[in-house]
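Visitor: My questions are about this predicted structure, shown below with the sequence.
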Amino acid sequence: MLASFPPGYFQQPVVDLARALIGATLTLEGVGGMIVETEAYDRDDPASHTFRGQTARNAAMFGPAGHAYVYRIYGMYWCLNVVCGELGRGAAVLIRALAPDVGIAEMQVRRGLTGPKGLASGPGRLCQALGIAREHDGLDLTDMPFALHPAPAGLPILTGPRIGITKAVEQPWRFGLAGSPHLSRRF
DNA sequence: CCAGTGATTCTCT
DNA sequence: GAGAATCACTGGC
């Protein structure tokens, strides 16, 4: 039996959770791998979708911690977040990349690739590889069809500024697994 | 580097 | 409500 998160684990500060999720294992219907890159988005954070309050799109970010916030971006891609903090906080961790482990063949089909590279190295790619879309918005990531298990202790973690944002660009709220070949970009 | 892509949100009437 | 701006990205030059 794999280890599980203790009760209330996801109700910690979002930057702490973003760091802690590096090395955690995420799967959807048995397809996935180890998370190697995350970013934190908090309520009082100009780069966060929740900065201007609750809307139809970001409602899941105000829901229970440990659940998914899935949104569409640029009209073509989905991005996955882990909701964090006490109920109504409006904070979440963007899952930016994972190291493909189980269901690699399935990921290759979904991504239209034949090689092992770039399968889930980026938030849009990751969702395409795992088959994550709108119907997963708000679902509990620690329960079927998802599974999420804690990282081993002592992993080397990289820290840096977040990617692709135009506000609060200086905040070092991006985290990565040092040495991983599956990061979306170098730190 | 830069265009594609369309939902969501903003900013006025 | 309507029109405009924005956008937590990706793939191809």
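Guide: That came through fine.
Visitor: Check whether stretch A:20-35 comes near DNA strand C.
Guide: No: against DNA strand C, stretch A:20-35 shows no contacts by Cβ under 7 Å from any atom of the strand, the least distance being 13.0 Å. For the C-beta atoms, the positions are set from N, CA and C on the backbone; glycine is no exception.
Visitor: now that stretch: mean pLDDT?
Guide: Stretch A:20-35 carries an average pLDDT of 98.
Visitor: any residues touching that stretch, and which ones?
Guide: For stretch A:20-35, contacts defined as Cβ atoms under 8 Å, 6 or more residues apart in numbering pick out A:2, A:12, A:36-38, A:82, A:93, A:95, A:97-103, A:106-107, A:120, A:129-132, A:136, A:141, A:145-152, A:155, A:157, A:175-177.
Visitor: which of those are buried?
Guide: Using 16 or more other Cβ atoms under 10 Å as the burial test, the contacts of stretch A:20-35 include A:36-38, A:82, A:93, A:95, A:97-100, A:103, A:106-107, A:120, A:129-132, A:136, A:141, A:146-151, A:157, A:175-177 as buried.
Visitor: what's the closest non-adjacent residue to residue A:58?
Guide: If the residues on either side of it in the chain are set aside, residue A:58 comes closest to residue A:49, at 4.5 Å by Cβ to Cβ, 6 or more residues apart in numbering.
Visitor: I'd like the distance between that neighbour and residue A:187.
Guide: As judged by Cβ to Cβ, to the nearest Å, residue A:49 and residue A:187 stand 24 Å apart.
Visitor: ok, those two, which is more surrounded?
Guide: residue A:49 (17 against 12; other Cβ atoms under 10 Å).
Visitor: Next up, the contacts around that one.
Guide: Applying Cβ under 8 Å, 6+ apart, the residues contacting residue A:49 are A:41, A:55, A:57, A:58, A:61, A:71.
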